[in-house]
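> task: produce atomic coordinates for the following.
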Amino acid sequence: MQGVDNIFEVDTVQNIMNKIAEIAGVKYHDDKKQDISLRVITDHVRSSTFMIGDGVIPSNNGRGYVLRRLIRRACRHGRLLGVNEPFLYKVCDTVISENATAYPELGDKAELIKKILLAEEESFGKTIDAGLALLDEYIEKTAGTVFSGEDAFKLNDTFGFPLDLTKDILSERGLSVDEEKFNELLELQKKTARAARKDAGADAWKGSNVKIEADATEFVGYTDMSADAKVLAIINTDGESVDMLGAGEKGVVALDITPFYAMSGGQVGDSGKISSVAAVFEVGDTTKNGDGIFLHSGTVESGVISVGDKVKADIPSSGGSARGSWQSR
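Next up is the predicted model:
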């Protein structure tokens with residue numbers, strides 16, 4: 001309809017690319033290599049914006065890993081254009097405005113999308129330059145045309161370089177990678193992690209051994225079944241402290257104030273709901289660590305819950321509270 005032969009020439013997509021070109025100080029069609037980077041970034045920032053809008057957040061597995069790969073590949077192509085600071089979060093404003101008519105819900109989540117993109121860019125930005133420098137060293141010592149699977153794994157494990165990003169860079173140098181060895185090492189790492197979790201107990205991440213840097217939680221459950229609170233910390237199922245959890249992900253949420261009773265003296269912990277303007281977190285159990293921090297274990301039912309969010313912690317009037325029977329007496 002617009003007389004063009006590819007999606008990157010369509011006006012709505014072209015406007016996104018123009019924003020990237022403006023930030024990078026380049027022009028489309030001036031240089032073939034730059035054009036490739038502009039197209040990659042345009043495609044990936046569009047995909048990332050929509051994925052985050054749908055509740056996906058960067059992680060090391062599943063759809064979150066796909067998102068992380070897209071963002072990191074876009075960051076690397078930004079480096080090729082001379083952009084050495086976070087910039088994707090700026091471009092997402094253009095993505096949202098260009099799709100506002102068909103997808104108005106993106107506008108409602110604009111701040112969240114930018115927050116997640118910026119956090120991921122800053123995180124990867126701390127390691128990408130060191131990783132690229134090390135990759136150059138590895139390439140120099142490569143004999144023949146096959147890059148070491150061990151070295152590719154080191155880049156992935158230490159600097160968060162997804163295999164496809166390493167392969168992209170190697171292909172520009174006429175090299176391939178020993179994927180068989182890479183996958184062998186990756187599977188070994190996964191088996192070791194699974195064994196460690198099994199030895200610690202399937203639900204070890206829910207327990208009181210989780211270390212959180214925060215003050216003790218204020219418990220108001222003897223008088224209240226709901227409370228306004230703030231998210232102090234989030235722990236994922238790998239036992240790692242993270243900034244956020246997305247829809248479908250399990251984890252532990254620590255609050256500054258809670259009405260949820262923590263399992264103690266044989267009495268089970270409360271279940272219920274923690275909700276914010278951006279997310280609903282279903283609490284299946286509540287425990288307490290040695291520092292007096294209440295650990296709400298559960299699953300994000302919708303949206304994205306983040307550290308610092310203002311939330312409402314609610315226990316249903318019946319069925320969710322372990323204290324319902326003795327409170328009524």
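> low-confidence stretches in the stretch 51-200 of the chain?
The stretch 51-200 of the chain contains residues with pLDDT under 70 at 193-194, 196-200.
> where do the strands sit along it?
146-147, 176-177 (DSSP state E, counting those that start in this stretch).
> next, the buried residues of the lengthiest strand in the chain.
For the chain, the strand with the greatest residue count under DSSP state E is strand 294-306. Using 16 or more other Cβ atoms under 10 Å as the test for burial, strand 294-306 gives 294-298, 300, 303-306. For the C-beta atoms, the positions are set from N, CA and C on the backbone; glycine is no exception.
> quick check: which of those residues has the minimum pLDDT.
When those are compared by pLDDT, residue 303 scores lowest at 86.
> got the contact list for that one?
55, 246-247, 276, 278-280 (Cβ atoms under 8 Å, 6 or more residues apart in numbering).
> just the buried residues of those.
For the contacts of residue 303, buried by 16+ other Cβ under 10 Å: 55, 246-247, 276, 278-280.
> beta partners of residue 257?
Bridge pairing for residue 257 (DSSP bridges) gives the partners residue 218.
> was I right about it contacting residue 218?
Yes: look at residue 257 against residue 218 with Cβ atoms under 8 Å: they come within range, at 4.6 Å.
> these two: who's more crowded?
When neighbours are counted by other Cβ atoms under 10 Å, residue 257 and residue 218 differ, and residue 257 comes out ahead with 18 against 13.
> how near is the more buried one to residue 220?
The gap separating residue 257 from residue 220 is 6 Å, by Cβ to Cβ, to the nearest Å.
> so which bits of stretch 231-250 are buried?
231-237, 239, 242-247, 249-250.
> wait, I meant stretch 55-65
Of the residues in stretch 55-65, those buried (16+ other Cβ under 10 Å) are 55-59, 63-64.
> pairing partners for the longest strand of the chain, with directions?
strand 244-246 (antiparallel), strand 250-255 (antiparallel), strand 279-288 (antiparallel).
> show the contacting residues for the residue nearest to residue 78 when sequence neighbours are not counted.
Counting by Cβ to Cβ, 6 or more residues apart in numbering, residue 87 is the residue found nearest to residue 78 once chain neighbours are left out, at 5.8 Å. Residue 87 makes contact with 20, 23-24, 78, 121, according to Cβ under 8 Å, 6+ apart.
> what's the answer for residue 130, then?
Neighbouring residues of residue 130 by Cβ under 8 Å, 6+ apart: residue 159.
> run the last query once more with 10 Å
Contacts for residue 130 were tallied using Cβ atoms under 10 Å, 6 or more residues apart in numbering; they are 158-159.
> also the one 4 residues further on?
Residue 134 sits next to 127, 151, 154-155, 158-159, 161 when contact means Cβ under 10 Å, 6+ apart.
> show the buried residues in the residues you listed.
Looks like those have 127, 151, 154-155, 159, 161 buried, using 16+ other Cβ under 10 Å.
> most widely separated two among the residues you listed?
The distance between the two most remote of these (Cβ to Cβ) is 15.7 Å, for 127 and 151.
> in terms of contact, does residue 168 touch residue 162 like I think?
Yes: using Cβ atoms under 10 Å, residue 168 makes contact with residue 162 at a distance of 9.5 Å.
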